[in-house]
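Participant: one predicted model, sequence on top.
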Amino acid sequence: MASKDAQNQKCRGMAGLLPGVPDPDQSLPPSSSNPGDRGWQSGLPPPRSFLPTLDLIIIHQQVELLGMILGTETSNKYEIKNSLGQRIYFAVEESICFNRTFCSTLRSCTLRVTDNSGQEVITVNRPLRCNSCWCPCYLQELEIQAPPGTIVGYVAQKWDPFLPKFTIQNANKEDILKIVGPCVTCGCFGDVDFEVKTINEKLTIGKISKYWSGFVNDVFTNADNFGIHVPADLDVTVKAAMVGACFLFDFMFFEHSLAGL
């Protein structure tokens, strides 16, 4: 009996080395000590989500050389990094050429955010809407899905004749936070800050900053750099909505190319 047990144990040890021999342990689901990973297996948060632990999210728009040379608008691409500059997500805009050409910064589009393994973790849908301080209806709005197919929130523009104002809403379209921008958003010689406030606007809990990257870069390219400063323990769905808000601000206030000069 002892020799038979020893032989079985030897076969188990060779299972991972011999082709065609299944490893009995591989039939079991891999265990994980990370609660976030277990949550994804039950269909809750994204896999290996970095958002719950971040208090600074850096978003860097990639330079589109073709757009610079031809003066045309191409699909936006963004790298999403942590405070150490390590890329954790990558976002790509999906839109048709007609919308980019004739609707420009108002165009409808979908931004798909993937992790480093290429798995989509956040989807941002932007419909075609108005953008004018003289038009109090049908203003800008984003839908946030995380994971894709599950709506977790919205970013909605609120009419104001002087300041850019937005609300972050939950899946039921109930306001949970406000975002208030400056009167002037050109950012020619400095950072532009959008403050994230409570509903009564008495407390500021974070901000979305468009970093000034220099006069030459701002004028001759459409590559922008943003930073999202939030409490580390802020709800992950709100952080995902703030990432979507950052994309929206880029389209509304900072998107330009040589064609617009």
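Facilitator: Sure thing, it's come through.

Participant: contacts, neighbours, all on C-alpha from now
Facilitator: Noted.

Participant: next up, phi/psi of S209, please.
Facilitator: phi -110, psi 140 (degrees, to the nearest 10).

Participant: tell me the strands beside the one helix or strand E79 maps to, with direction?
Facilitator: Assigned by DSSP states H and E, E79 belongs to strand 77-81. Strand pairing for strand 77-81, using DSSP bridges, gives strand 56-61 (antiparallel), strand 87-94 (antiparallel).

Participant: which of the ones you listed sits most buried?
Facilitator: Greatest average neighbour count among these goes to strand 56-61 (a mean of 22), per mean count of other Cα atoms under 10 Å.

Participant: how about it as PDB, C-alpha atoms only?
Facilitator: Provided in PDB are the C-alpha atoms of strand 56-61 (Å, rounded to 0.1, in the frame of the first residue of the first chain):
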ATOM      1  CA  LEU A  56      -4.200  60.100  -7.500                       C
ATOM      2  CA  ILE A  57      -5.100  58.900 -11.000                       C
ATOM      3  CA  ILE A  58      -3.100  60.400 -13.900                       C
ATOM      4  CA  ILE A  59      -4.600  60.400 -17.400                       C
ATOM      5  CA  HIS A  60      -2.200  61.100 -20.300                       C
ATOM      6  CA  GLN A  61      -3.600  61.600 -23.800                       C
END
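
Participant: can you list contacts of that strand?
Facilitator: The contact list for strand 56-61, computed with Cα atoms under 8 Å, 6 or more residues apart in numbering, reads 76-83, 85, 223-230.

Participant: where does the nearest residue in space to H60 that is not next to it in sequence land on pLDDT?
Facilitator: Distance criterion Cα to Cα, 6 or more residues apart in numbering; nearest residue to H60, sequence neighbours excluded, is N225 at 4.6 Å. What the model reports as pLDDT for N225 is 89.

Participant: any idea which of the strands paired with strand 77-81 gets closest to R100?
Facilitator: With Cα to Cα as the measure, strand 87-94 is the member of these nearest R100 (10.3 Å).

Participant: who are the packing partners of the very next helix or strand once past that closest one?
Facilitator: Where DSSP H and E defines the elements, the next helix or strand beyond strand 87-94 is helix 97-102. Using 3 or more Cα pairs under 8 Å, 6 or more residues apart in numbering; DSSP states H and E, no helix or strand is in contact with helix 97-102.

Participant: sheet partners, orientation included, of the next helix-or-strand element following helix 97-102?
Facilitator: As assigned by DSSP H and E, the chain's next helix or strand after helix 97-102 is strand 109-115. According to DSSP bridges, strand 109-115 has the following sheet partners: strand 87-94 (antiparallel), strand 120-126 (antiparallel).
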